[in-house]
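> fold the following and give me the result.
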Amino acid sequence: MNAIRYETIAPNIGEVQTNGAQVQVTWKDPGSGREVGRSTSYMAADTALGSRVGASVKRSIVSEVIYGLARLISGRVGGVAGRVISNATYTAANDVNARATANVDYTEASRRAAIVSAFESVRASFEWDDQRQQFRAK
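Residues are numbered from 1 along each chain as shown. A predicted model of the protein is given here:
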């Protein structure tokens with residue numbers, strides 16, 4: 001087995017967690033289900049024009065919805081209480097906006113590429129089984 005492809009290691013994926021660009025993978029033996037190891041890699045943002053435009057549109061829509069709601073809430077109350085609520089609402093809106101748009105630069109292809117890269121660091125714990133056409137734990 002020379003080139004590692006996502007399709008060949010998919011049976012070995014136990015769990016995948018993403019945090020921004022970071023991808024953490026728990027690896028398993030597909031026969032026994034036993035955990036074999038864990039590794040981390042990072043996604044590269046998709047630089048294709050269509051992906052960049054899509055990410056920009058998502059950011060704009062989320063931003064407009066969130067800040068529109070913030071303006072609506074803060075505009076309902078006047079005086080000192082209104083200013084306090086307004087500040088709290090915009091702070092919360094900024095946090096929600098950051099979380100909602102955190103992963104728009106990454107695609108399924110960049111996620112899969114990061115998983116393949118993460119496998120390289122645990123590859124020594126596996127061997128290729130020609131008969132089953134999959135990696136098995138050593």
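> other SSEs contacting the biggest helix by length in the chain?
Taking DSSP state H as the criterion, the chain has its longest helix at helix 49-75. Taking 3 or more CB pairs under 8 Å, 6 or more residues apart in numbering; DSSP states H and E as contact, the helices and strands that helix 49-75 lies on are helix 79-100. The C-beta positions use only the backbone N, C-alpha and C, and glycine is treated the same way.
> what does the helix it packs on contact?
Helix 79-100 is contacted from outside by 62-63, 66-67, 69-70, 73-74, 76-77, using CB atoms under 8 Å, 6 or more residues apart in numbering.
> show me the shaky parts of this structure.
Scanning the chain for pLDDT under 70 picks out the ranges 1-2, 46-49, 51-52, 55, 74, 97-104.
> domain parsing of it, as residue ranges.
Domain ranges of the chain: 6-46+106-137, 49-100, per automatic domain parsing.
> would you list the ones you listed in a markdown table and tack on mean neighbour count?
Output for the domains of the chain, formatted as a markdown table (neighbours: other CB atoms under 10 Å):
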| stretch | mean neighbour count |
| --- | --- |
| domain 6-46+106-137 | 16 |
| domain 49-100 | 14 |
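> okay, the contacts of helix 79-100 in CSV with distance to N94 next?
Converted to CSV, these look like this (distance: CB to CB, whole Å):
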residue, distance to N94
V62, 12
S63, 10
I66, 8
Y67, 9
L69, 12
A70, 9
I73, 14
S74, 13
R76, 19
V77, 19
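> need the max-distance pair from these.
V62 and V77 (24.5 Å; CB to CB).
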